[in-house]
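Chemist: Got a sequence here, can you model it:
(one chain, ligands or ions: 1)
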Amino acid sequence: MTRTPGAPALPVALDRGAGTPLGTQLADQVRTRITSATLAAGTRLPSSRALAAELGVARSVTEQAYAQLVAEGWLEGRHGSGTFVSATPPLAAPRPASRPARDEPPLLRLSTGTPWIDPAHAALWRRAWREVSAARPPAGYDDPRGLRELRVALAERLAHVRGVVCDPDEVLLTAGTTEGLRHALGALPPGPVAVEDPGYRAAAATVAATGRALHDVPALEVPDLTGTVAVYVTPAHQHPLGRTMPGAHRAALLREARRADALVIEDDYDSELRYDVAPVPALAGLDRERVVYLGTASKSVAPSMRLGWLVAPDGVREHVERERAITHDSPPWPVQRALLALLRDGYVDKVVRSARRVYAERAARVVGALAPYGELTGPVAGMYATFVMPEEQARAAHAAGRAAGYDVPLLADQCRTHVQHGLVVGFGGSLTDRQLDHALAVTTRALRG
Ligand SMILES: Cc1ncc(COP(=O)(O)O)c(C=O)c1O
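Modeler: Purely as a prediction, here's the structure:
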């Protein structure tokens with residue numbers, strides 16, 4: 001083997017059995033040595049002829065690899081003197097040593113947002129996905145509003161179950177509530193947004209992330225919307241206080257929004273999960289021109305579907321449509337197609353019916369255990385019940401829960417300006433009846449103490 005004087009041998013190993021061309025393998029290995037600073041800037045490489053002889057490959061292999069790395073700017077040929085490493089990237093700052101993992105078992109969160117999904121309906125779930133796998137996806141970018149058949153099905157359901165009468169072309173599929181909220185905010189003029197307090201943390205974070213000022217407004221009062229461009233509310237089931245917005249409050253809120261020329265953003269997240277009375281109609285049914293309606297599949301199908309829908313006044317909807325026509329960021333077609341099958345085959349209705357039954361039983365247990373120690377803040381619906389109590393008691397119960405392996409959310413953690421104390425006890429998700437009873441026993445013991 002002839003070695004260029006002064007040039008180091010390149011310790012590379014080429015694999016003739018690999019599917020990757022030899023020139024590509026060589027370029028990859030030399031590039032890695034440069035980017036990891038094993039080969040310093042200014043280092044002279046063997047000539048392509050010498051390297052080819054050393055590796056036992058055709059010269060075209062080494063020439064191709066060098067040409068590739070010259071084109072990428074990692075090597076440079078200096079006329080008459082050879083090929084050199086032209087640059088190495090700055091070394092990344094060393095990462096701080098990771099802390100040794102502590103050996104604590106994870107807490108079981110009594111989550112207010114994770115639904116219980118009846119496994120009895122799994123056959124319908126599988127059938128929907130089989131249908132998706134057999135269907136042909138749209139060849140190109142599809143309708144930016146989302147799958148038309150799904151929008152038709154949702155418009156029917158919205159009219160029937162939520163009292164929101166709209167055309168399928170007014171329904172826009174989203175990747176869930178927060179994406180819908182982001183869309184609505186993007187269509188609004190600059191200005192602060194009022195958000196109920198206590199309130200959904202993801203909503204407050206989404207507003208804050210747009211750079212808009214957040215106006216915390218007491219959750220159970222008709223807010224003063226002077227100077228704001230919108231207000232975010234959860235009328236069917238105030239999160240986390242659980243109250244249903246009374247009719248007079250709804251009318252007053254819409255009057256105030258018209259006066260202040262602000263939009264009302266209605267998050268209708270778990271409204272179908274009433275088990276004492278029929279679901280209370282949505283606010284959007286009263287004024288489609290003032291209310292942006294946000295719906296989600298997170299409670300009736302699964303949060304991991306990341307699918308929701310938005311019905312908005314023309315200005316907002318057209319803004320989103322114009323944006324989507326460029327970005328094409330509508331939810332993935334297979335997920336939309338699956339929801340269509342799940343709605344059509346009655347899966348969603350069955351899951352909702354089963355969940356109502358189970359939640360009603362669990363709600364009764366939670367209320368039975370905690371009502372002596374705190375004030376229940378609203379009719380229990382969905383998958384959580386909220387109790388207001390003195391701070392010291394709430395914190396003691398929370399700490400006792402943690403010590404026993406449960407994370408029982410504190411009401412104060414959902415408050416921003418208007419701090420209240422208590423517990424928000426979730427009973428959905430994968431929590432078993434036994435675990436719920438144990439968590440309740442632990443917290444009530446602390447409350448008694
Ligand atoms: C108040 C509220 N809104 C909306 C959602 C659902 O959000 P998404 O549709 O983004 O899953 C939740 C879930 O916990 C919620 O608590």
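
Chemist: Distance-wise, check Pro190 relative to Gly308.
Modeler: Distance from Pro190 to Gly308, counting by CB to CB, to the nearest Å: 25 Å. The C-beta positions use only the backbone N, C-alpha and C, and glycine is treated the same way.

Chemist: Out of the two, name the residue with the larger neighbour count.
Modeler: Gly308 (24 against 9; other CB atoms under 10 Å).

Chemist: Which strand residues bridge the more buried one?
Modeler: Thr174, Thr296 (DSSP bridges).

Chemist: Correct me if wrong: it contacts Tyr293.
Modeler: No - at 10.5 Å, Gly308 does not count as touching Tyr293 under the criterion of CB atoms under 8 Å.

Chemist: Helix, strand, or coil at His319?
Modeler: helix (DSSP: H, G, I helix; E, B strand; the rest coil).

Chemist: and it, what does it touch?
Modeler: Taking CB atoms under 8 Å, 6 or more residues apart in numbering, we find His319 in contact with 186-187.

Chemist: which parts of the stretch 1-150 of the chain sit against the ligand?
Modeler: Counting by CB under 6 Å from any ligand atom, the stretch 1-150 of the chain comes close to the ligand at Gly113.

Chemist: Pull the contacting residues for the closest residue to the ligand within the stretch 1-150 of the chain.
Modeler: Distances between the stretch 1-150 of the chain and the ligand by CB to the nearest ligand atom are smallest at Gly113, namely 2.4 Å. By CB under 8 Å, 6+ apart, the contact set of Gly113 is 298-299, 303, 383, 426, 428.

Chemist: Return the per-residue confidence for the closest residue to Leu370 other than its chain neighbours.
Modeler: Once flanking residues are discounted, Leu370 sits nearest to Phe387: 5.1 Å by CB to CB, 6 or more residues apart in numbering. Per-residue pLDDT puts Phe387 at 98.

Chemist: On the three-state scheme, Phe387 is what?
Modeler: When the rule is three-state DSSP, Phe387 gets the label strand.

Chemist: count of residues packed around it?
Modeler: 25.

Chemist: just the one 5 residues further on next, same as before
Modeler: Using other CB under 10 Å, Glu392 is surrounded by 9 other residues.

Chemist: Identify the single longest helix in the protein, thanks.
Modeler: helix 347-370 (DSSP state H).

Chemist: buried sites along it?
Modeler: 347-349, 351-352, 354-356, 358-359, 362-363, 366, 369-370 (16 or more other CB atoms under 10 Å).

Chemist: which helices and strands sit right next to the helix or strand that that helix is followed by?
Modeler: Once the chain leaves helix 347-370, the next helix or strand it forms, by DSSP states H and E, is strand 375-376. Judged by 3 or more CB pairs under 8 Å, 6 or more residues apart in numbering; DSSP states H and E, strand 375-376 is in contact with strand 384-388.

Chemist: if we can go back for a sec, hey, what's the angle from the longest helix of the chain to strand 384-388? Just curious.
Modeler: Orientation note: helix 347-370 sits at an angle of 30 degrees relative to strand 384-388 (axes from the mean of the first three to the mean of the last three CA atoms, to 10 degrees).

Chemist: Can you spell out which helices and strands pack onto helix 347-370?
Modeler: For helix 347-370, the packing partners by 3+ CB pairs under 8 Å, 6+ apart are helix 122-134, strand 384-388, strand 422-426, helix 433-448.

Chemist: What lies in contact with that helix?
Modeler: 115-118, 120-121, 124-125, 128, 272-276, 297, 300-301, 341-342, 376, 380, 382-383, 385, 387, 423, 425, 427-428, 433, 436-437, 440-441, 443-444, 447.

Chemist: give me the low-pLDDT residue ranges for this structure?
Modeler: Along the chain, the parts satisfying pLDDT under 70 run over 1-9, 90-94, 96-103.

Chemist: now with 50?
Modeler: Residues of the chain meeting the criterion pLDDT under 50: 1-4.

Chemist: Can you give me the distance of the residue nearest the centre of it to the ligand?
Modeler: Centroid-nearest residue in the chain, with CA atoms, centre = their mean: Arg306, separated by 6.6 Å. To the ligand, Arg306 is 7 Å away according to CB to the nearest ligand atom, to the nearest Å.

Chemist: Number of residues surrounding Val70?
Modeler: For Val70, using other CB under 10 Å, the count is 14.

Chemist: would it count as being in a helix?
Modeler: Yes - secondary structure of Val70 (three-state DSSP): part of a helix.

Chemist: isn't it right up against Gly77?
Modeler: Yes - counting by CB under 8 Å, Val70 sits close enough to Gly77 to count as a contact (6.2 Å).

Chemist: Give the residues shared as contacts by those two.
Modeler: With CB under 8 Å, 6+ apart as the test, Val70 and Gly77 both reach Thr83.

Chemist: Can you give me every residue that contacts Leu173?
Modeler: 145-147, 150-151, 307-309, 330-331, 336.

Chemist: mind listing which of those residues are in strands?
Modeler: Mapping those onto strands (DSSP state E) picks out 308-309.

Chemist: I'd like the contacts of Leu173 laid out as CSV, including distance to Asp224.
Modeler: Formatted as CSV, the contacts of Leu173 follow (distance: CB to CB, whole Å):
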residue, distance to Asp224
Arg145, 35
Gly146, 36
Leu147, 41
Leu150, 39
Arg151, 36
Leu307, 35
Gly308, 29
Trp309, 30
Ser330, 37
Pro331, 36
Gln336, 40
